[in-house]
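Asks: Structure, please.
(one chain, ligands or ions: 1)
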Amino acid sequence: MLEIDHLTLAYDDTVVVEDLALTAADGEVLCVLGPSGCGKSTLLRAVAGLEPPVTGTIHLDGRDLAGLRPDQRDVGLMFQEHALFPHRNVAENVAFGPRVHGLDRDAVRQRVAEALSLVGLSGTEFRHVDELSGGERQRVALARAIAPRPRLLMLDEPLGSLDRALQTRLLEDLPRVLSQLGTTVVYVTHDQDEALSLADRIAVMRAGRIEQQDTPAELWRSPRTAFVARFLGLGPVMAVQADADTVTTPWGRVPRAEVSDAGAATGTVETVLLPEALRLATGHQPPGDDELAVTATVVIRRFQGDHLRLGVDTATGQRLQVAAWRGQLPEVGDEVTLAIEVAGIHLLADDPGG
Ligand code: ADP
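Replies: Numbers count the residues shown, from 1 in each chain. The predicted structure follows:
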């Protein structure tokens with residue numbers, strides 16, 4: 001439905017997006033996830049028609065967008081600095097798009113009611129936006145982006161300016177709103193939790209290029225490069241020796257056929273432990289045949305409500321993170337046994353950017 005090919009974007013002579021390819025299917029929520037400054041906003045601005053490409057094409061429903069003005073593209077864009085019209089009421093703000101599209105009064109009123117209902121703000125039509133809380137203003141901005149019913153809705157860090165509690169609340173609501181809407185959504189964020197909880201598919205972006213595009217589950221299970229693994233918060237990334245048949249980890253040698261492999265070379269290979277690979281062994285559940293047993297000392301103990309997050313140093317010198325649940329709550333300084341699942345040792349492909 002959205003098809004971006006060989007797209008290069010630049011400010012003056014500085015290239016910020018380079019030979020980028022990206023697709024989104026009809027009705028899909030695609031998250032573009034990447035660190036600040038990697039070119040996410042510039043990419044959205046190009047799709048919206050606010051930045052002319054140096055080279056490359058953008059198609060929407062098979063239609064080439066080159067040469068179309070922003071208002072001819074059927075694309076909605078909501079920025080983080082969701083500048084609402086001040087001194088106006090909610091309805092006037094949300095009605096802006098449908099009015100520009102030339103809908104009559106009744107149709108505009110219906111669109112406003114629909115959009116407000118979707119974001120959980122029915123009945124607030126006549127409240128002034130200056131009197132609203134930050135979270136309510138964010139919802140009004142979302143309703144304003146939705147109201148014209150764009151074919152493609154693009155949201156640029158829509159939760160960026162909110163405090164953590166409000167982010168969490170809107171994050172719980174957004175999947176319902178987006179799925180009821182049924183529109184294709186491109187959602188830009190630097191927050192991996194946001195991307196993992198909202199996206200049908202995630203495109204991890206780095207320095208103007210897409211490094212990996214996959215479903216959240218697939219990304220989590222099989223990050224391709226060290227950059228992707230680190231950005232998802234997996235870790236640590238460490239070097240192991242791999243030949244065609246055997247992988248030599250700090251905790252022992254294992255058959256290469258039994259580990260997870262993103263297409264790594266042989267020799268020194270960057271490796272990450274997938275999150276499910278590591279657990280605390282207990283008397284009831286000692287390390288199994290498909291696990292390596294590793295002795296470690298607890299050095300960090302963080303209370304997380306229903307469990308503890310432990311930082312442990314292995315006897316072989318790695319700092320790892322592991323969760324401890326009720327019934328097995330070691331103290332700092334305690335010695336523990338870790339069970340590392342061999343299938344969760346993940347060999348990463350070569351990292352092009354280093
Ligand atoms: P992101 O949205 O991922 O944070 P941006 O697309 O905003 O990244 O920016 C990508 C790069 O382009 C950054 O290095 C930024 O400083 C630069 N940049 C952004 N907007 C402009 C502009 N209007 N003029 C010149 N450089 C810009």
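
Asks: could you pull out the strands for the stretch 201-350 of the chain?
Replies: For the stretch 201-350 of the chain, applying DSSP state E, counting those that start in this stretch gives strands covering 201-206, 209-214, 237-242, 246-249, 252-255, 260-261, 267-273, 278-280, 291-303, 308-314, 319-324, 335-341, 345-347.

Asks: quick one, which of these is nearest to the ligand?
Replies: In terms of CB to the nearest ligand atom, the element of the strands of the stretch 201-350 of the chain nearest to the ligand is strand 201-206, at 7.1 Å. The way it works is simple: take the backbone N, C-alpha and C, and place the C-beta from them, glycine included.

Asks: where does the residue nearest to the spatial centre of the chain fall, helix, sheet strand or coil?
Replies: Nearest residue to the geometric centre of the chain (CA atoms, centre = their mean): Ala195, 2.5 Å. At Ala195 the chain is in helix, as set by DSSP: H, G, I helix; E, B strand; the rest coil.

Asks: With Asp243 as the reference, measure out to it.
Replies: 35 Å (CB to CB, to the nearest Å).

Asks: lowest average confidence, helix or strand, in the chain?
Replies: One helix or strand of the chain scores below all others by mean pLDDT, DSSP states H and E: helix 164-181, with a mean of 82.

Asks: avg pLDDT for the helix or strand sitting right after that helix along the chain?
Replies: Next helix or strand after helix 164-181 toward the C-terminus (DSSP states H and E): strand 184-189. Across strand 184-189, the average pLDDT comes to 95.

Asks: For strand 184-189, name the packing helices and strands.
Replies: If contacts are counted by 3 or more CB pairs under 8 Å, 6 or more residues apart in numbering; DSSP states H and E, strand 184-189 sits against strand 29-33, helix 40-48, strand 152-156, helix 192-198.

Asks: looking at these, which is buried most?
Replies: Highest mean neighbour count of these: strand 29-33, a mean of 26 (counted as mean count of other CB atoms under 10 Å).

Asks: what's it packed up against?
Replies: If contacts are counted by 3+ CB pairs under 8 Å, 6+ apart, strand 29-33 sits against strand 14-24, helix 40-48, strand 184-189, helix 192-198, strand 201-206.

Asks: Tell me who's in contact with Gln241.
Replies: For Gln241, the contact set (CB atoms under 8 Å, 6 or more residues apart in numbering) comprises Val247, Thr248, Gly267, Thr268, Val269.

Asks: Who is it paired with across the strands?
Replies: Thr248, Thr268 (DSSP bridges).
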